[in-house]
Structure formats: C-alpha cells, structure tokens
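> Quick one, fold the following:
(one chain, ligands or ions: 1)
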Amino acid sequence: MPALSTGSGSDTGLYELLASLPAQLQPHVDSQEDLTFLQDMFGEKSLHSLVKIYDKLLQYERQSPTPILNSAVPLGEDLTEELQSKPLSGESRELLRLLLKPTFKALLFVHDTVAQKDYDPVLPPFPDDIDEDEDSVKIIRLVKNKEPLGATIKKEEHTGAIVVARILHGGAADRSGLIHVGDELKEINGIPVDDKSPEEIIQILAQSQGAITFKIIPSIKEEMPVNEGKMFVRALFDYDSNEDRAIPCKEAGLVFRKGDILQIMSQDDATWWQAKHEGDANPRAGLIPSKQFQERRFALRKPTTLVPLQRNSNRRSLGLRRSFRLSRKDRKTNKSMYECKKSEQYDTADVPTYEEVALYKRHPSEKYRLVALVGPIGVGLNELKRRVLLSNPQHYGVTVPHTTRAKRSHETDGVEYIFISKHLFDADIQNNKFIEYGEYKGNFYGTSIDSIRSVMAWNKVCLLDAQAHTLKHLRTAEFKPFVIFIKPPSLERLRETRKNSMIISSKDEKGSAKPFTEDDFQEMIRMAQVTESQYSHLFDKVIVNDDLSSAYSELKKVLDRLETEAFWVPVSWLHS
Ligand code: 5GP
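Predicted coordinates:
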C-alpha cells in the first residue's frame with residue numbers, strides 16, 4: 001500500500017489516495033456493508049478538510065513563520081480612527097468597512113493572541129468579599145490498626161492551634177499521603193480538638209480503632225521539599241522497569257545502568273522515587289525503586305556464590321606487586337594471600353543501590369585525587385602506569401612498598417622499598433596500616449596507607465595499582481580516588497596483539513619473561529569479568545587496553561581532564 005504522502009502540493013494525490021483506499025482494502029474486507037462504510041469514511045468531506053489542514057500546518061511548520069508584529073488590534077484601531085477622521089476614497093471606505101467588521105476584529109485579536117503566545121487560561125479575579133476566616137477543611141478517613149499513626153502534633157504557641165509537627169517516614173500517616181506537616185487538626189471523629197492538649201488528643205487517638213475521621217485545615221505552605229531535583233545519585237545496579245513486576249506502571253519506569261548518574265526529582269513516595277537521567281533535557285521523570293525498597297529487595301534475594309577474587313596467580317607483569325606465588329599451604333586451601341582488609345562476605349552484604357553524588361572539581365589548594373588503577377594481571381596496567389609516570393615524573397608519583405626482605409646491594413632504603421623487620425611489619429598489619437599485603441618466598445611485602453599519603457603530600461598525583469577489593473577502603477574524602485579499570489580486549493584481539501609480547505612470570509624461581517600462553521589470555525579475561533561484575537559500580541572510567549598507545553593516550557586524556565573538569569563523587573567526600 002502506498003504511504004500516505006503529506007508533502008506540500010500533494011492535495012490531489014492525497015484525495016486520489018483516499019478515494020482508492022477502499023478498493024485497495026477490498027480483498028481484506030468481508031462484507032459489502034463494511035466496504036460501503038469505508039467508502040463513506042474515506043469520501044467524507046470533513047476528513048479531506050482535516051487532511052488539508054494537517055498538510056497546511058505541516059507546510060507552515062516547515063516555513064516556521066514569525067509574526068511581523070504582535071499588536072495588530074491596536075494598529076487596526078488606530079487605522080480605523082484615522083480613516084474615520086478623513087474624507088475617503090472608495091478603496092479607503094472599503095478598508096474602513098472591513099476594519100469595523102466584528103469578524104475581522106476577532107481575526108486580528110486571534111492573530112495577536114497567537115503572536116504573543118498568550119495561551120494560558122485567565123482565571124476569574126479573586127472575589128473581594130471573601131471571608132478571611134473561612135478556611136477550606138479537608139475530611140480524611142484513615143483505617144487504623146494496632147500500628148501507630150506515625151505523626152506527631154504540637155500546640156502552636158501564639159494561635160493555640162493543634163498542628164501536625166512531623167510525619168514519620170514510612171509510617172501509616174506517611175503512607176496514606178493525606179496528612180502533611182503544618183496541617184491544622186480541627187476534629188477527630190467529630191470531637192473538636194481546639195480546646196484539648198496534645199496529650200489528650202493522643203489519648204483519643206490511642207483509644208480509637210478502625211476508621212478514624214479527621215477534620216483538618218490543610219497547611220497553606222507548599223509542601224515542596226527544598227531538595228526537589230537537587231539530589232543526584234549514582235546507580236549502583238542495572239535496572240529495567242520492564243522486567244520489574246513490582247512497579248505500579250511499567251511505562252512510567254526509568255531504565256538505567258550501573259554507574260548512571262540520576263537526578264532525583266521526588267522522594268515523596270517511600271517505595272517509588274521519581275528520577276531523570278542527569279543532563280536529560282526531557283523534563284518528565286520516571287519511576288525508580290527507592291533506596292530502602294531496593295535494599296529490601298536485594299536483601300531478600302538469595303546471596304549468589306562468589307567466584308574467588310584472587311586465583312593463585314603466579315604471574316608477574318612488568319611492574320611490581322602483581323605477583324605472589326602462593327605457598328603450598330595456601331594453594332591447598334585456595335586462600336587468598338591478600339588478606340588484609342579483605343572481606344568478600346562484606347561485599348555481598350553491602351547491598352549497592354544508590355550513592356548520593358555531587359560534582360567535584362579540585363581546588364588548587366587541595367591535594368590531587370588518588371588515581372587507582374585496577375585490572376587483571378598481564379593486561380598492561382603497569383606499563384600504562386610506567387608511561388604516565390615517565391611522561392612527567394615531577395607531577396606523577398607511585399607508592400614505595402614495605403618489605404621484610406633484606407636490602408639488595410643496589411637498592412636504597414625508601415626508594416625501591418622501605419625495609420622493615422618482620423616484627424614491625426606484623427605490628428603494622430595489626431594496626432591496619434596496610435591497604436594490602438602479601439607473602440612471597442617467606443618475605444612480606446605491602447603497600448601502606450601512609451605511602452599513598454606521602455606521595456600526595458609531595459603534591460603529586462599518586463598512581464596506585466589497586467586490588468579491586470581494597471577500593472572501598474580507599475574511597476574516602478582524604479583520597480577521593482578516581483578509579484580506572486584497565487580491561488583486556490576480546491580473546492581474539494589478545495591473541496593478535498600479544499602474540500609477540502612477554503609477561504614476566506615468577507613461575508620459575510628467576511621470574512623470567514615468557515610469552516603469553518592461551519591460558520594466560522583466558523585467565524586475564526575471566527579475572528576481568530569477575531572484577532567487573534563485582535566492582536564496576538566503583539569504576540569512574542574503563543579503558544580497554546587493545547592497542548597500548550591508544551590506551552595510553554586515552555588514559556592520559558582522562559588524567560588531564562581530571563585536573564580541569566568536575567566529576568561526580570560521593571557527597572560524603574565533600575562535607576567532611
Ligand atoms: P622482589 O623481592 O623481587 O623485589 O619482589 C618480590 C615480589 O613482591 C614481586 O613479585 C613484587 O611484585 C611483589 N611486591 C612488591 N611490592 C609489593 C607490595 O607492596 N605488595 C604486594 N602485595 N606485593 C609486592
């Protein structure tokens with residue numbers, strides 16, 4: 001069937017099309033009666049007129065004409081006045097007759113209204129003789145069970161009125177949505193309360209069961225929370241309203257992904273908030289599950305089994321500390337060697353819903369934000385870090401780890417490592433000084449929190465190769481970490497791009513460089529997936545290290561932006 005053309009000058013084509021429709025539809029129409037109906041409908045004059053108007057409007061829209069003036073009425077009046085005061089020629093008389101016609105005046109009036117875009121309805125003026133004392137009252141009926149009402153009242157000192165002082169979030173009154181702070185209570189079950197004390201009223205309430213009728217004068221104050229539209233959150237989970245069986249209206253739901261920034265437009269409803277995607281020009285908000293509701297849902301879900309975070313990886317990449325061999329004992333128990341501050345149990349219990357965020361741009365007097373790089377072994381994270389460091393050693397810095405092993409002749413204390421005794425190392429573990437630590441060939445190695453502080457104290461950007469599970473300890477106002485996940489490309493791309501590369505492996509005692517094996521690639525991808533599935537809500541940026549130099553320039557670009565632009569951070573980092 002030909003498409004309905006709405007282009008200009010298509011009038012005749014359009015009528016022909018409308019006229020031909022019944023014939024075209026004939027094979028699909030069963031009865032003559034239906035066919036006659038269709039013929040009548042498509043032949044209907046008013047339909048043709050409608051199509052014509054529609055067509056004209058479209059043309060009009062395309063031309064987007066702007067009015068030359070928006071005061072044709074006064075102009076018409078002036079002209080009328082002038083014409084009336086002069087002897088007139090035939091044409092001028094004709095013009096005057098036109099100008100005086102009520103239909104023409106009405107046309108000019110409509111013209112002005114459209115030109116001024118003055119479409120709002122005008123409300124009748126407020127009557128002057130209104131009785132000031134007459135308040136509109138509201139009658140509310142609530143069915144009360146054993147549960148308290150969830151509202152507090154107070155007697156206003158100067159007026160003596162009994163007003164609602166507080167509505168407890170999630171309580172019966174709150175859930176009803178009918179009673180608001182500031183409402184004046186006049187009667188309960190027909191008993192006037194003006195002359196009663198709050199205690200007496202509470203008594204009346206406590207004694208009543210079943211339906212209670214309140215007569216109230218609604219508060220005049222607009223109940224607009226000051227925070228409306230001012231709160232932003234980072235979504236810490238994926239949400240698709242189309243798959244949510246609990247949502248009251250699927251069409252009204254907002255779909256979002258983990259990491260999206262949402263502007264909360266209303267939290268009036270305890271279960272369903274209203275939100276928009278940050279920066280979305282469309283003013284319509286959508287429904288999202290409230291924090292409390294989502295937390296409850298997550299808590300009810302069966303905990304999923306976690307894939308162990310740290311496999312007994314015995315790789316060693318170009319940089320440091322990504323390579324610990326597990327001792328035989330550790331291997332047997334498959335226990336992670338990164339024990340400090342690590343708690344996977346806590347990760348699951350820690351139900352991630354929304355995190356309140358605000359835009360933050362570092363003030364020149366503030367320390368640089370910590371840059372935490374996360375990624376699987378062999379992904380090239382250390383090489384990227386090394387390149388950034390070399391690009392400007394005055395500006396970037398890395399932490400100096402602690403170790404209990406003996407200093408080698410070429411090493412300087414405080415440069416390669418801070419060499420300390422086993423005894424001191426143990427004490428530091430006890431005192432939670434390490435962000436992570438591990439054991440290698442009988443010696444301990446660890447990165448202390450203070451080592452991050454000392455890089456930052458030099459007014460440098462500290463680049464930290466971080467274990468994903470340590471992120472939550474680093475996410476403080478002090479460090480304000482910007483977390484970058486370095487992700488491997490696809491398996492095929494890994495094979496293509498890394499076929500001639502070496503990874504430094506500590507499989508053998510010397511820790512020599514070896515070519516990547518297929519196993520290395522698969523392990524890298526698996527680890528990346530595990531990390532991403534558990535921690536992606538904490539990533540500020542993901543960089544795929546497919547081609548090293550493009551990954552490096554992407555990294556450099558984001559690091560530069562970090563110093564000049566504002567980024568979303570948890571609000572808790574800003575007001576402490
Ligand atoms: P080496 O004794 O040869 O300098 O280093 C032995 C191992 O310790 C290396 O595999 C290195 O990556 C690791 N290592 C160095 N510093 C740290 C650290 O701060 N934390 C952890 N977990 N390992 C480290």
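> What strand or helix carries residue 105?
helix 102-115 (DSSP states H and E).
> again, but for residue 163
Applying DSSP H and E, one finds residue 163 within strand 162-167.
> tell me which element residue 390 falls in.
Assigned by DSSP H and E, residue 390 falls in helix 381-391.
> same thing with residue 357?
Taking DSSP H and E as the definition, residue 357 sits inside strand 354-360.
> show me what contacts the closest residue to residue 411 other than its chain neighbours?
Excluding the flanking residues, the one nearest residue 411 by C-beta to C-beta, 6 or more residues apart in numbering is residue 417, at 6.9 Å. For glycine as for every other residue, the C-beta is placed from the backbone atoms N, C-alpha and C. Shown in contact with residue 417 (C-beta atoms under 8 Å, 6 or more residues apart in numbering): 400-403, 405, 407, 411, 445.
> Tell me where the model's unsure across the stretch 251-400 of the chain.
The stretch 251-400 of the chain contains residues with pLDDT under 70 at 302-350.
> what about 80?
Along the stretch 251-400 of the chain, the model assigns pLDDT under 80 to residues 251, 282-284, 299-351.
> all strands for it, in order.
Along the stretch 251-400 of the chain, counting by DSSP state E, counting those that start in this stretch, strands occupy 261-266, 272-277, 286-289, 354-360, 371-374, 396-397.
> Then the stretch 451-576 of the chain?
461-465, 482-487, 502-504, 513-515, 541-544, 567-570.
> Ok, which of those comes nearest residue 95?
For the strands of the stretch 451-576 of the chain, proximity to residue 95 was assessed by C-beta to C-beta; strand 567-570 is nearest, at 64.9 Å.
> Could I get the CA-only coordinates of the closest one as PDB?
Taking Å, rounded to 0.1, in the frame of the first residue of the first chain, the C-alpha atoms of strand 567-570 are listed here in PDB:
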ATOM      1  CA  PHE A 567      33.500  14.800  38.200                       C
ATOM      2  CA  TRP A 568      30.800  13.100  40.200                       C
ATOM      3  CA  VAL A 569      32.000  12.000  43.600                       C
ATOM      4  CA  PRO A 570      30.100  10.700  46.700                       C
END
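> Any stretches of the stretch 1-150 of the chain with poor pLDDT?
Along the stretch 1-150 of the chain, the model assigns pLDDT under 80 to residues 1-16, 19, 65, 117-136, 143-150.
> And the residue of the stretch 351-500 of the chain closest to the ligand?
residue 401 (3.0 Å; C-beta to the nearest ligand atom).
> And for that residue, the neighbour number?
19 (other C-beta atoms under 10 Å).
> In this structure it contacts residue 447, no?
Yes. Under the criterion of C-beta atoms under 8 Å, residue 401 makes contact with residue 447 at 5.3 Å.
> can you pull the contacts of residue 220?
So residue 220 contacts residue 182 (C-beta under 8 Å, 6+ apart).
> pLDDT wise, what is it at?
Confidence at residue 220, expressed as pLDDT, is 70.
> what's the span of stretch 166-182 from first residue to last?
8 Å (C-alpha to C-alpha, to the nearest Å).
> hmm, who's touching the helix or strand hosting residue 78?
Taking DSSP H and E as the definition, residue 78 sits inside helix 72-84. By C-beta under 8 Å, 6+ apart, the list of residues contacting helix 72-84 from outside reads 69, 92, 95-96, 99-100, 104-105, 108-109, 111-112, 115.
> Which strands and helices lie in contact with the helix holding residue 390?
strand 371-374, strand 396-397, strand 461-465, helix 548-564 (3 or more C-beta pairs under 8 Å, 6 or more residues apart in numbering; DSSP states H and E).
> doesn't residue 465 make contact with residue 452?
No. The pair residue 452 / residue 465 is not scored as a contact, 11.6 Å apart, by C-beta under 8 Å.
> what kind of secondary structure is residue 119 in?
Here residue 119 is recorded as coil under DSSP: H, G, I helix; E, B strand; the rest coil.
> Who are the contact partners of it?
residue 113.
> Please report how far it lies from the ligand.
Shown here: residue 119 relative to the ligand, a distance of 69 Å by C-beta to the nearest ligand atom, to the nearest Å.
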